[in-house]
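Participant: What follows is a predicted protein model with its sequence.
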Amino acid sequence: MPAVGGAQRVRAPDGAADRRAGAAFRVAALPRVVVGDVLSGEAGDDHSRWAWTNESYPADAVSLRSVSSDNFVIVDTTHGTNVIGETDFTSGPSTLHEKAIYIVEGQLFQVEKLDFDGRKAYVRRVDCDYYTDAITYSKVTILDTFESTAPSPALSAHGEVHVVSRVVGFKKIRFYTNENVGSGDLDLPEQQMHTTSYWLTIPAALVSQLPYATDDRRDGINGAAYAMRNVAQLLLMCDRQDIGLSVDTGSLSPKPESDLVDPHIFIYDNYPGGIGFSAPLFRMERMLLAQTFDLVNGCPCEIGCPSCVGPVGETGPLAKRVALDLLQRVLGSDSDALEEAPF
Ligand SMILES: [Zn+2]
């Protein structure tokens, strides 16, 4: 959207329904962009037009070259063999593993065979009431820090990272109810890439002040990270697959205390070389943290759900409570977006 905004004025669409949609979009999304001093409403009208005011050319921040051309081809074998699509290399293993449900224009296909080296996935039409969600483990190593904030008390930064990830399994999720109706293990090759990332370093000393057991503290960090990813997706206006999440919970209870390792939460560009998300996310870090707190605090669920700290069963029983306590400490007195926590 910024790339478009830099090239031309952004206007509300014509037509009553479109105008309503446009108004909702302006209310929800544009003020967030304006905070970064990149857009301003034009004087003398009802803010239905917005103009790019930042000095830099916005398309410079979005790299298309880094997207690999080494795609997976999807071959439908229901009647003969037909190529029905392609998926980029990075998201191939998580969306085209064997038994994955792949959706094209509302039609469900099941992956019967993934030829990883040949970069082909063979699929067949099916009729089922669930989709699949891959379980990916990833480890991130910081290679270079481009910018960082002063610790207050947590430290935000962005830079270049090395990501090693592996799809280790998948879950079957029923449509509409989001019930977990099964799972499976997978053994797929490890993937490595250099990309850019935003990260939050939480001092281990701060985590150790949380009045909970070590496992609950770990659940709280994971829950906060899960919610941060949900908010980052909204702030960046991107697809869930475009950003990756990796949590390094450090070592929270070693002896002696001097061996404590700070936990890190990485939200990285899920494409080799990066596509320009981490610098904007770094600039919005206070908003990211404050809105994550608001999201978790305002969520009507009891102990966690996919909208906030993650689905029950994957998060610990205290994840939501500990995540709120942690986020409140990370934000300190800096945020006026904070409301009284319910506990
Ligand atoms: Zn919730």
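Facilitator: Thanks, I have the structure now.
Participant: Show me what residue of the stretch 151-300 of the chain gets nearest to the ion.
Facilitator: Cys299 (3.3 Å; C-beta to the ion). Using the backbone N, CA and C atoms, a C-beta is placed for each residue, glycine as well.
Participant: How about the contacts made by the nearest residue to that residue once chain neighbours are set aside?
Facilitator: Distance criterion C-beta to C-beta, 6 or more residues apart in numbering; nearest residue to Cys299, sequence neighbours excluded, is Cys308 at 4.0 Å. Contacts for Cys308 were tallied using C-beta atoms under 8 Å, 6 or more residues apart in numbering; they are Gly223, Tyr226, Ala227, Asn230, Leu295, Val296, Cys299, Cys301, Lys320.
Participant: circling back: for the residue of the stretch 151-300 of the chain closest to the ion, give me phi and psi.
Facilitator: Note on Cys299: its backbone torsions stand at phi -70, psi 130 [degrees, to the nearest 10].
Participant: Going forward, the N-terminal residue is numbered 134.
Facilitator: From this message on, residue numbering opens at 134, which makes the last subject Cys432.
Participant: Cys438 is in contact with that one, correct?
Facilitator: Yes: Cys432 lies in contact with Cys438 (C-beta atoms under 8 Å); the separation is 6.6 Å.
Participant: Can you give me the end-to-end span of stretch 235-251?
Facilitator: End-to-end distance for stretch 235-251: 19 Å, by C-alpha to C-alpha, to the nearest Å.
Participant: Buried ones in it, by neighbour count?
Facilitator: The neighbour-count check on stretch 235-251 (16 or more other C-beta atoms under 10 Å) flags Tyr235, Leu241, Phe242, Gln243, Val244, Leu247 as buried.
Participant: and of the residues you listed, the nearest to Arg416?
Facilitator: Among the buried residues of stretch 235-251, Tyr235 lies closest to Arg416 (C-beta to C-beta), at 35.8 Å.
Participant: Quick check: chain neighbours aside, which residue is closest to that closest one?
Facilitator: Spatial nearest neighbour of Tyr235, excluding adjacent residues (C-beta to C-beta, 6+ apart): Phe242 at 4.6 Å.
Participant: is it true that that neighbour touches Ala254?
Facilitator: No: between Phe242 and Ala254 there is no contact under C-beta under 8 Å: 9.2 Å.
Participant: anything in contact with each of the two?
Facilitator: Ile207, Tyr235.
Participant: In contact with the spatially most central residue of the chain: list those residues for me.
Facilitator: Closest to where the C-alpha atoms of the chain average out (C-alpha atoms, centre = their mean) is Arg362, at 3.7 Å. Arg362 sits next to Ile376, Leu378, Ile400 when contact means C-beta under 8 Å, 6+ apart.
Participant: Write out the residues of the stretch 284-433 of the chain neighbouring the ion.
Facilitator: Cys432 (C-beta under 5 Å from the ion).
Participant: Helix or strand: which one has the one residue in the stretch 134-283 of the chain that gets nearest to the ion?
Facilitator: Using C-beta to the ion, the closest approach of the stretch 134-283 of the chain to the ion is made by Asp266 at 17.4 Å. Per DSSP states H and E: Asp266 is located in strand 263-281.
Participant: after that strand, next one along is what?
Facilitator: Following strand 263-281 in sequence order, the next helix or strand is strand 288-307 (DSSP H and E).
Participant: and that next one with strand 263-281, angle?
Facilitator: 180 degrees (axes from the mean of the first three to the mean of the last three C-alpha atoms, to 10 degrees).
Participant: Show me how far strand 288-307 is from its chain's centre.
Facilitator: For strand 288-307, the separation from the chain centroid amounts to 9 Å (computed by C-alpha atoms, centre = their mean, to the nearest Å).
Participant: export that strand as PDB, just CAs?
Facilitator: Written as PDB, here are the backbone C-alpha positions of strand 288-307 (Å, rounded to 0.1, in the frame of the first residue of the first chain):
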ATOM      1  CA  LEU A 288      15.200  -3.800  23.800                       C
ATOM      2  CA  SER A 289      13.800  -3.600  20.300                       C
ATOM      3  CA  ALA A 290      16.100  -4.000  17.200                       C
ATOM      4  CA  HIS A 291      16.100  -5.000  13.600                       C
ATOM      5  CA  GLY A 292      18.800  -6.400  11.400                       C
ATOM      6  CA  GLU A 293      20.000  -9.400   9.400                       C
ATOM      7  CA  VAL A 294      19.500 -12.900  10.700                       C
ATOM      8  CA  HIS A 295      20.100 -16.500   9.700                       C
ATOM      9  CA  VAL A 296      17.000 -18.700  10.000                       C
ATOM     10  CA  VAL A 297      17.100 -22.500  10.200                       C
ATOM     11  CA  SER A 298      13.600 -24.000  10.000                       C
ATOM     12  CA  ARG A 299      12.100 -27.400   9.700                       C
ATOM     13  CA  VAL A 300       8.500 -28.600   9.300                       C
ATOM     14  CA  VAL A 301       8.100 -31.400  11.900                       C
ATOM     15  CA  GLY A 302       4.400 -32.100  11.700                       C
ATOM     16  CA  PHE A 303       0.900 -30.800  11.000                       C
ATOM     17  CA  LYS A 304      -2.500 -30.400  12.500                       C
ATOM     18  CA  LYS A 305      -5.900 -30.900  11.000                       C
ATOM     19  CA  ILE A 306      -8.300 -28.100  11.800                       C
ATOM     20  CA  ARG A 307     -12.000 -28.300  11.200                       C
END
